[in-house]
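> okay, predicted coordinates and the sequence, questions at the end:
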Amino acid sequence: MPLIELVGVHKLYPSGRVALQDVSLSVEEGEFVFLVGPTGAGKSTLLRLLYRDEVPTRGRVHVAGYEVHRLRPGQVPWLRRQLGVVFQDFKLLADRTVYENVAFALRAVGTPPEWIPGRVRAALELVGLEDRADAFPRQLSGGEQQRASIARALANRPRILLADEPTGNLDPDTSWEIVTLLSRINLRGTTVIMTTHNKTVVDILRRRVVELHDGRVVRDEVWGRYARPRAAL
Amino acid sequence: MRGPARLSEPSTAVPEGIPQARPHLRAVLSSAAYLTGEGAVGFWRNGLMSMAAVSAIVAALLAFGGAVVSLWNLEALALRVEAQLVAVAYLREDLSPAQREAARRAAAAIPEVRAVSFVPREQALRRLEEALGGVELAAAVSKNPLPDTLEVYPNRAQDLPRVAEALRSVPYVADVTHGGDATERVLALTRLVRGAGAAVTLAMGAVSVVVSANALRLTVLARKEEVEIMRLVGATSWFVRWPFLVEGLLQGLVAAACASAFWTAFYPWAVARLQQAWPFLPVLPTLRVVPLLVAWLVAAGAFVGLLGAAVSLRRFLAK
Ligand SMILES: Nc1ncnc2c1ncn2[C@@H]1O[C@H](COP(=O)(O)OP(=O)(O)OP(=O)(O)O)[C@@H](O)[C@H]1O
Ligand SMILES: [Mg+2]
């Protein structure tokens, strides 16, 4: 069974907006997937269904063995511990240092205190931020903040990393840095799903690309590009 | 006809083999200690907001204490007034024991009488000394001026006037007194005040919960981001709630300490003032009031803080 599987998923927001229609998708452990498509296509919604921030109106969602579409609220925390999530705006706690931000996430899942320093160090080394452990988020560049948020997402060693436009706020060079980092993380075995509007990055990396359009999967290519190749090219 | 049996319909949404994280006791204890610390840190970090919450609870607890103290004293007063539902028959002087016994029997034989007790003049003098605050009357007067009395208790308060009338024809009785209508009216007033006191206490309690919940709302909103992150990475809901409950509890307890300090100082002072102004007003002594009051304030403070936190969590951390 794939690590992530969506079958016939529809998502209708209470506002009446249809965000996903009949989406079926499966992702094997260890894959790297770019989720692309125009704004409003439903990319963020799809990710939210995976970490159970939203529930599908219809269809089934399987993640890491959990039947997410019928998970009771009390079981959601155990699902979330299988996933790390990263956002465009980092969501770091401004009044805590980088170290404390990562430790905070470990604490929240009941990690024994004596394991925490080692886990935080390891996560910070992985993202190359061990020198900035005592800095506050406002003292960091955007790229460094995103690396801190990736360290937080990975500290608990999840099997899956979901990244919703992680380079959305970053300049091209920094974006490239972050995507390289995500690739390295993927090479260590973590399954990565990343939404993006960054054509350059997708076209250079040539990984699996899933394109959404008006809530439907319109393309799913193993070594894809950002845009569907035109007939003329 | 039934469709083909589903081959693999798992009975639960949770996969087998994935640790359902029944955490060890040690890990739970360390989490509990950590979360309690977080609550304390929150209380400290939210300095101004915590002060606002504490002041609100202190104000409520002062009012609560005031209501409780008044209620206790009124109840003591009511007990005294009820105890005075009695007709007193003064016996003639120099009766023989047999004559006194005959008078007692005759009084007890009145149909509406529940009990009769004989109060010898020596005991009456001692009571008077006590009522006057321990004055040595026996030493001051050469001869006890008080007569022997019969205290006659009616079955019901409204029987009192008839019992008093019947006592007048009992042998060896020189005179009869009773509170009568006045007693009835005092009793009615006491019942009214008792009800009002309880109502005021309840209302104050409710107000303090609302005030505390609103103060804690600020705390909850201030930590909204933290809660969002905790939920995102998979914290359980008790883990999310604990620090807020601790913080609410701390606010309640700090407020209780302030209110207790106030009442410990204020009550003896107020009692002294009252007794100076109205020496015969029965007021409960400090030692009978303050320890119990402190216990009540601590319990009420803790309750208000926890309830306030629970209300805030319900309203502002829903989902
Ligand atoms: N909470 C919500 N309530 C109602 N409608 C929503 C909600 N979230 C998203 N939508 C709508 O659902 C559609 C899909 O939104 P979604 O955020 O998934 O798109 P997206 O592909 O991530 O877009 P972008 O590239 O701009 O991030 C949009 O039309 C959006 O307006
Ligand atoms: Mg989006």
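Structure received. Ligands and ions are numbered 1, 2, ... in the order given.

> where do the helices of the stretch 101-250 of chain B begin and end?
Secondary structure of the stretch 101-250 of chain B (DSSP state H, counting those that start in this stretch): helices located at B:121-131, B:137-140, B:160-167, B:181-222, B:224-233, B:237-277.

> quick one: these as a markdown table, columns for mean neighbour count too.
Just so you know, the C-beta spots here come from the backbone N, C-alpha and C atoms, and that holds for glycine as well. Output for these, formatted as a markdown table (neighbours: other C-beta atoms under 10 Å in any protein chain shown):
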| stretch | mean neighbour count |
| --- | --- |
| helix B:121-131 | 14 |
| helix B:137-140 | 11 |
| helix B:160-167 | 19 |
| helix B:181-222 | 17 |
| helix B:224-233 | 18 |
| helix B:237-277 | 19 |
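
> kindly state which of those is positioned closest to A:G128.
helix B:224-233 (21.4 Å; C-beta to C-beta).

> follow-up on the earlier one: for A:S24, find the nearest of the helices of the stretch 101-250 of chain B.
When the helices of the stretch 101-250 of chain B are compared (using C-beta to C-beta), the closest one is helix B:224-233, at 26.3 Å.

> tell me which residues are up against the longest helix anywhere in chain A.
Identified as the longest helix of chain A according to DSSP state H is helix A:172-187. Residues outside helix A:172-187 that contact it (C-beta atoms under 8 Å, 6 or more residues apart in numbering or on different chains): A:30-32, A:126-128, A:141-143, A:146-147, A:150, A:154, A:161, A:163, A:166-167, A:170, A:192, A:194, A:198, A:200-201, A:205.

> following the chain past that helix, name the next helix or strand.
Next helix or strand after helix A:172-187 toward the C-terminus (DSSP states H and E): strand A:191-195.

> strand partners of that following strand, parallel vs antiparallel please.
If you go by DSSP bridges, strand A:191-195 pairs up with strand A:32-36 (parallel), strand A:160-164 (parallel).

> identify all contacting residues around the first one.
For strand A:32-36, contacts defined as C-beta under 8 Å, 6+ apart pick out A:27, A:43, A:46-47, A:182-183, A:186, A:191-197, A:202, A:205, A:207-212, A:224, A:226.

> could you export that strand as CSV, CA atoms only?
Below are the C-alpha coordinates for strand A:32-36, written out as CSV (Å, rounded to 0.1, in the frame of the first residue of the first chain):
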residue,chain,number,x,y,z
PHE,A,32,9.5,13.8,-4.1
VAL,A,33,6.4,15.4,-5.6
PHE,A,34,5.9,18.9,-6.9
LEU,A,35,2.3,20.1,-6.7
VAL,A,36,1.8,22.8,-9.2
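
> now it, how far from the chain's geometric center?
Strand A:32-36 sits 10 Å away from the centroid of its parent chain (C-alpha atoms, centre = their mean, to the nearest Å).

> whichever helix or strand comes after it and chain B in contact?
Counting by DSSP H and E, the next helix or strand C-terminal to strand A:32-36 is helix A:43-50. No. Under the criterion of C-beta under 8 Å from any C-beta of the partner chain, chain B is not reached by helix A:43-50; the shortest gap measures 11.1 Å.

> cool, stretch A:9-19 as well?
No. For stretch A:9-19, no contact with chain B is found by C-beta under 8 Å from any C-beta; the gap never falls below 13.5 Å.

> in that stretch, which residues are buried?
Residues of stretch A:9-19 classed as buried: A:9, A:11, A:19 (neighbour count, 16 or more other C-beta atoms under 10 Å in any protein chain shown).

> ligand 1 contacts on chain A?
A:13, A:15, A:17, A:19, A:37, A:39-45 (C-beta under 6 Å from any ligand atom).

> go ahead and flag the most central residue of chain B.
Nearest to the mean C-alpha position of chain B, by C-alpha atoms, centre = their mean, lies B:V68 at 5.1 Å.

> tell me the secondary structure of the residue found closest to B:A131 once you drop the neighbours it is linked to in the chain, please.
Counting by C-beta to C-beta, 6 or more residues apart in numbering or on different chains, B:A131 lies nearest to B:F280, which is 7.9 Å off, once chain neighbours are set aside. Three-state assignment for B:F280 (DSSP: H, G, I helix; E, B strand; the rest coil): coil.

> tell me how many other residues crowd B:F280.
Taking other C-beta atoms under 10 Å in any protein chain shown as the criterion, the count of residues near B:F280 is 8.

> repeat that for the one 3 residues further on.
Using other C-beta under 10 Å, the number of residues around B:V283 comes to 17.

> and what of B:A108?
By other C-beta under 10 Å, the residues close to B:A108 number 14.

> give me the domain ranges for chain A.
A:4-82+A:158-232, A:93-156 (automatic domain parsing).

> show me where chain A has its helices.
A:43-50, A:76-80, A:98-108, A:116-126, A:142-154, A:172-187, A:199-205.

> B:P291: which of those is closest?
That would be helix A:98-108 among the helices of chain A, by C-beta to C-beta, at 40.5 Å.

> just the CA trace of that closest one, in CSV.
Extracted in CSV, the C-alpha atoms of helix A:98-108 (Å, rounded to 0.1, in the frame of the first residue of the first chain):
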residue,chain,number,x,y,z
VAL,A,98,15.7,28.9,17.0
TYR,A,99,16.7,26.2,19.5
GLU,A,100,13.6,26.8,21.6
ASN,A,101,11.4,26.7,18.6
VAL,A,102,12.6,23.3,17.6
ALA,A,103,12.6,22.0,21.2
PHE,A,104,9.1,23.4,21.6
ALA,A,105,7.8,21.0,18.9
LEU,A,106,9.6,18.1,20.5
ARG,A,107,8.2,18.9,23.9
ALA,A,108,4.7,19.1,22.4
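
> who touches residue 28 in this structure?
Since you didn't name a chain, this refers to chain A. A:E28 neighbours (C-beta under 8 Å, 6+ apart): A:2-3, A:191.

> other chain: chain B
Applying C-beta under 8 Å, 6+ apart, the residues contacting B:V28 are A:G110.

> from B:V88, how far off is it?
Counting by C-beta to C-beta, to the nearest Å, the gap from B:V28 to B:V88 is 68 Å.

> same thing with A:N156?
From A:N156 over to B:V88 (counting by C-beta to C-beta), the distance is 83 Å.

> also A:G30?
Computed as C-beta to C-beta, the A:G30 to B:V88 distance reads 99 Å.

> how about A:I193?
94 Å.

> okay, these two: which has more neighbours?
For the pair A:I193 and B:V88, the greater number of neighbours falls to A:I193 (24 against 18), based on other C-beta under 10 Å.

> thinking the more buried one is in contact with A:I160, fair?
Yes. Shown here, A:I193 and A:I160 form a contact pair, counting by C-beta atoms under 8 Å, at 7.3 Å.

> looking at chain A, which residue is nearest chain B?
Here chain A gets closest to chain B at one residue, A:G65, 2.8 Å apart by C-beta to the nearest C-beta.

> how many residues are close by residue 77?
I'll assume chain A. Using other C-beta under 10 Å, A:P77 is surrounded by 22 other residues.

> you answered for a different chain; I wanted chain B.
For B:L77, using other C-beta under 10 Å, the count is 18.

> what's the answer for A:E130, then?
Residues near A:E130, counting by other C-beta under 10 Å, number 16.

> from B:W296, how far off is the spatially closest residue to it that is not a sequence neighbour?
Nearest non-adjacent residue to A:E130, counting by C-beta to C-beta, 6+ apart: A:L124, 4.6 Å away. To B:W296, A:L124 is 51 Å away according to C-beta to C-beta.
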